[in-house]
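Undergrad: for reference, the sequence and a predicted model appear below.
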Amino acid sequence: EIKDVIETYYASVDNTYKGETLWTKLKDVTVPKQLASYGELRYNVRGNPYADASPLDSSKMIDFYTGIHYPSEWKNGDTWQREHVWCTSHSWWEKPDNSERHAGTDLHHLRPEIGTINNSRSNSKYGEVENREGKTKFYTYENTPYLYGYLDGQITNGGVFEPTDRMKGDVARIIMYLLVRYKDIATPVTNIIYTSEGTPEASYALLLKWHEQDPVSNFEIRRNHRTYNVQGNRNPFIDYPYYAKAIWGDN
């Protein structure tokens, strides 16, 4: 079923497209039919409890950075929060209220996050942390500590956050989706990706590195399709991973 949907969805994309041509084409292809409101994202059918549901227990969701399976019931953000992977303070949209629908409510990049972890990452950019063993971040759930990344608050004002190796590709594909979907209005990639060079080229190179190091998982495929069911558009870098290098690699 998913394969048939994908072939139809990208039927207008020529496999010879590269660089700016492919980037622009995917911008047009990925227009959503109907975004959920920020409030709807809290509940089943239209939001994270559906898209991020645990395959083992539909009453639970999978936390983005740790992989913890925890109850999906919304309790005013006390149990989990809606994490903007491209954080709002570095973005092109205003913080949404519960009735709004815009880039800040795009389900492709809003993931369920335990509040403590969300607050810890805060508005840190993504990047590679040096001497990361001394900057590990753990969250303890049901007496078990879960590593969720590495945080260096000394590099920039907001710090730099490096996800675990098993989540780097997920982060990269979400950021690349946003760069495509909101091409020409998105803030610069350097607003969300930190590199020592500080250039867009270095940021794209890091995204490609993470994308290739951590390939698409079965859960990402499932979530992409569920998000498609909600808002009618897809993340092309999950469906066709080679698109990433075709746009930002050496062409």
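TA: Here it is on my side, so go on. Numbers count the residues shown, from 1 in each chain.
Undergrad: got the buried residues for stretch 73-89?
TA: Neighbour-count burial for stretch 73-89 flags 74, 80-87 (criterion: 16 or more other C-beta atoms under 10 Å). For the C-beta atoms, the positions are set from N, CA and C on the backbone; glycine is no exception.
Undergrad: swap that for stretch 197-212, please
TA: Judged by neighbour count using 16+ other C-beta under 10 Å, the buried positions of stretch 197-212 are 202-208, 210-211.
Undergrad: show me where the stretch 51-200 of the chain has its helices.
TA: 115-121, 168-181, 200-213 (DSSP state H, counting those that start in this stretch).
Undergrad: what's the mean pLDDT across the shortest one?
TA: Helix 115-121 shows an average pLDDT of 93 in the prediction.
Undergrad: now that helix, how far from the chain's geometric center?
TA: 16 Å (C-alpha atoms, centre = their mean, to the nearest Å).
Undergrad: which residues in the chain form strands?
TA: Counting by DSSP state E, the chain has strands at residues 60-62, 69-71, 81-84, 110-113, 125-126, 136-141, 144-152, 160-162.
Undergrad: before we move on, the earlier item: so which of the buried residues of stretch 73-89 comes closest to Thr136?
TA: Nearest to Thr136 among the buried residues of stretch 73-89: Glu83, at 19.6 Å, using C-beta to C-beta.
Undergrad: verify the contact between the closest one and Ile114 for me.
TA: No. Using C-beta atoms under 8 Å as the test, Glu83 is too far from Ile114 to be in contact (9.2 Å).
Undergrad: okay, now the unreliable bits of the stretch 51-200 of the chain?
TA: Along the stretch 51-200 of the chain, the parts satisfying pLDDT under 70 run over 156-157.
Undergrad: try it again at 90.
TA: 76, 131-134, 153-158 (pLDDT under 90).
Undergrad: contact partners for His69?
TA: 54, 56-57, 60-63 (C-beta atoms under 8 Å, 6 or more residues apart in numbering).
Undergrad: buried subset of these?
TA: In those, burial by neighbour count holds for 54, 60-63, counting by 16+ other C-beta under 10 Å.
Undergrad: re the thing from before, nearest to Lys135 among the helices of the stretch 51-200 of the chain would be which one?
TA: helix 115-121 (11.6 Å).
Undergrad: still on that earlier bit, most tightly packed of the strands of the chain?
TA: Scoring these by mean neighbour count under mean count of other C-beta atoms under 10 Å gives strand 110-113 as the most buried, with a mean of 25.
Undergrad: what strands line up against that one, and which way round?
TA: Taking DSSP bridges as the criterion, strand 110-113 sits next to strand 81-84 (antiparallel) in its sheet.
Undergrad: distance from the partner strand to the middle of the chain?
TA: Distance of strand 81-84 from the chain centroid (C-alpha atoms, centre = their mean) equals 10 Å.
Undergrad: understood, closing this out.
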